[in-house]
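Engineer: sequence unavailable; structure follows:
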């Protein structure tokens, strides 16, 4: 669990599961991302709750720094380099803004290409 200092004598602790949930929701919000690896779409995520969001997300904490590794499924016909860059930017921004942690790295792994809409 990461700890952010707030004021003298107080702190905020952010769990890896919470960081993973933020990262997963930020990633699946990008157009062209079909789901997290394991078929977790935003609709399914909303029904299952936060505990299941960590599927397809690996969090590596080092003090107040965090690295995020995402495994994604993308829609057929989308540009994988473009989607990957958008996901990296969005995840970094959301995790930093919501947790106060510094995101040092976001790695995107494309698990499969979803052809169900094709």
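Structural biologist: Ah, there it is. What you are looking at is a predicted structure, and each value in this text was computed from that prediction instead of being measured.

Engineer: C-alpha from now on. contacts and neighbour counts both.
Structural biologist: Noted.

Engineer: quick one, longest strand in the chain?
Structural biologist: If each strand of the chain is counted by residues according to DSSP state E, the longest one is strand 102-114.

Engineer: each with direction, which strands does that one pair with?
Structural biologist: Partner strands and pairing direction for strand 102-114 (DSSP bridges) are strand 65-75 (parallel).

Engineer: touching the longest strand of the chain from outside, list them.
Structural biologist: 34, 37, 64-76, 84, 87-88, 91-92, 95-96 (Cα atoms under 8 Å, 6 or more residues apart in numbering).

Engineer: show me the helices in this protein, by range?
Structural biologist: For the chain, helices defined by DSSP state H occupy the ranges 16-28, 42-48, 80-99.

Engineer: how about the ones you listed in a markdown table, adding mean neighbour count, mean pLDDT and distance to residue 58?
Structural biologist: Shown next, in a markdown table, are these (neighbours: other Cα atoms under 10 Å; pLDDT from 0 to 100; distance: least, Cα to Cα, whole Å):
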| stretch | mean neighbour count | mean pLDDT | distance to residue 58 |
| --- | --- | --- | --- |
| helix 16-28 | 23 | 94 | 7 |
| helix 42-48 | 14 | 55 | 17 |
| helix 80-99 | 18 | 98 | 13 |
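
Engineer: and those as TSV, adding distance to residue 54?
Structural biologist: Listed next are those as TSV, based on distance: least, Cα to Cα, whole Å:
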stretch	distance to residue 54
helix 16-28	5
helix 42-48	10
helix 80-99	14
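
Engineer: for residue 59, find the nearest of those helices.
Structural biologist: helix 16-28 (6.2 Å; Cα to Cα).

Engineer: who are the packing partners of that closest one?
Structural biologist: Under the contact criterion of 3 or more Cα pairs under 8 Å, 6 or more residues apart in numbering; DSSP states H and E, helix 16-28 touches strand 33-36, strand 57-62, helix 80-99.
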